[in-house]
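> predicted model, plus sequence, below.
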Amino acid sequence: MLEVDLREFDLPRINRLLNGKVRNVWLGGLWALGLVLFLRDARNVWSIFLRWLPTRACSLLLMAGALWFAGALFDKLKPFSNQDTDLMAEELVETNAALLMLVFAVWANCSAAKPPW
């Protein structure tokens with residue numbers, strides 16, 4: 001949701017939905033729903049997760065997560081003295097993270113002969 005910014009357009013209802021407290025409430029609700037679904041079958045989900053951890057798809061997803069985290073650091077800490085350099089570094093890292101996530105999705109889709117559930 002960080003990269004979706006429609007505030008420049010005159011779309012007050014969409015802007016209200018995608019920013020601020022309203023966004024935080026519905027995203028929080030989705031996280032709560034995810035937690036409830038996890039808790040309903042936690043033992044089975046945990047078992048599947050542990051089997052997934054040593055896979056290449058997991059490695060790709062974890063690398064993508066590390067790059068997203070690095071992008072957030074570039075965004076918040078501004079390590080370079082030039083604002084353009086900070087922005088370029090952030091976007092470069094985030095672009096690579098998105099590409100890794102795409103590779104992860106393709107890998108996971110192609111390597112899944114049958115779903116683990």
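Nice, thanks for sending it over.

> I'd like the distance between the residue of the chain positioned farthest from its centre and residue 89.
The centre of the chain is farthest from one residue, residue 81, which by C-alpha atoms, centre = their mean lies 27.9 Å away. Distance of residue 81 to residue 89, given as C-beta to C-beta, to the nearest Å: 12 Å. To be clear about C-beta, it is placed using only N, CA and C from the backbone, and glycine gets the same treatment.

> same check on residue 16?
When residue 16 is compared with residue 89 (using C-beta to C-beta), they lie 32 Å apart.

> more neighbours, these two?
Under the neighbour definition other C-beta atoms under 10 Å, residue 16 and residue 89 were set side by side, and residue 89 has more, 19 against 12.

> next, count neighbours for the nearest residue to the more buried one once chain neighbours are set aside.
For residue 89, ignoring the flanking residues on the chain, the nearest one in space by C-beta to C-beta, 6 or more residues apart in numbering is residue 74 at 4.9 Å. As a burial measure, the neighbour count of residue 74 was computed by other C-beta under 10 Å and equals 20.

> how near is residue 74 to residue 56?
Relative to residue 56, residue 74 is positioned 27 Å away (criterion: C-beta to C-beta).

> then residue 103?
From residue 103 across to residue 56, the span is 10 Å (C-beta to C-beta).

> can you check residue 97 too?
Computed as C-beta to C-beta, the residue 97 to residue 56 distance reads 17 Å.

> which of those two has more neighbours?
Set side by side, residue 97 and residue 56 show unequal neighbour counts under other C-beta under 10 Å, the larger going to residue 97 at 19 against 12.
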